[in-house]
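Asker: here is the input, now give the coordinates:
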Amino acid sequence: MKMIQRGRNNKYPEKIDTWQKSERDIPEWLTDIAKVEMVDLGSGRKKIRMNSLTSGGVEIIAADGQSILIRTQGESDYVCFGDNKLFSLTESQMGLLYKQSEDK
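Answerer: Numbering: from 1, shown residues only. Just a heads-up that it's a prediction; the model follows:
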């Protein structure tokens, strides 16, 4: 989903793309840098390698298969990509910082 800042916080990109673990399709910007475990030949959907954390979050494994690309604090956190930066935000942080962009 494309998001845009509600105000202006220089610590975060003005426009970002987001993904949550609950979403069925994983965006290309994430599958390009994460370890792809499987591709469904029928639908073309990709599955990336993720580890569940005891804290409730997940870690996404980088394409090299060894290093951690990103960690989230909870299952419903957003993985965000903007200005060539990858970061995670909780639902509360997302609601305060960003709103849905009208760009498709």
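
Asker: can you tell me what sits against stretch 64-74?
Answerer: Here stretch 64-74 makes contact (CB atoms under 8 Å, 6 or more residues apart in numbering) with 21, 33-35, 49, 53, 55-63, 78-79, 86-88, 90. No exception for glycine: its C-beta is placed from N, CA and C like everyone else's.

Asker: what's the distance between that stretch and the middle of its chain?
Answerer: 11 Å (CA atoms, centre = their mean, to the nearest Å).

Asker: export it as CSV, just CAs?
Answerer: What follows is stretch 64-74, C-alpha atoms only, in CSV (Å, rounded to 0.1, in the frame of the first residue of the first chain):
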residue,chain,number,x,y,z
ASP,A,64,21.7,-14.2,1.3
GLY,A,65,19.8,-16.6,3.5
GLN,A,66,21.9,-15.8,6.5
SER,A,67,21.4,-12.2,7.7
ILE,A,68,18.3,-10.6,9.1
LEU,A,69,16.8,-8.1,6.7
ILE,A,70,14.3,-6.6,9.2
ARG,A,71,12.6,-7.3,12.5
THR,A,72,9.2,-6.2,13.6
GLN,A,73,7.9,-5.9,17.2
GLY,A,74,4.5,-7.5,16.5
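
Asker: all the helices of this structure, residue numbers only.
Answerer: Here the chain has its helices, by DSSP state H, at 28-31, 91-97.

Asker: report the buried residues of the longest one.
Answerer: The one in question is helix 91-97. Counting neighbours by 16 or more other CB atoms under 10 Å, one finds that the buried residues in helix 91-97 are Q93, M94, L97.

Asker: between the residues you listed, which is nearest E14?
Answerer: Of all those, L97 has the smallest distance to E14: 10.5 Å, by CB to CB.

Asker: quick one: contacts for that closest one?
Answerer: Taking CB under 8 Å, 6+ apart as the test, what L97 contacts is Q5, R6, N9, Y12, L89.

Asker: of those, buried ones?
Answerer: When the contacts of L97 are checked for burial by 16+ other CB under 10 Å, the buried set is Q5, Y12, L89.

Asker: what mean pLDDT does stretch 42-62 get?
Answerer: Across stretch 42-62, the average pLDDT comes to 94.

Asker: contacting residues for the most centrally placed residue in the chain?
Answerer: The residue lying closest to the centre of the chain (CA atoms, centre = their mean) is V79, at 2.2 Å. If a contact means CB under 8 Å, 6+ apart, then V79 has T18, W19, Q20, L30, I60, I70, T72, L86, S88 as its contacts.
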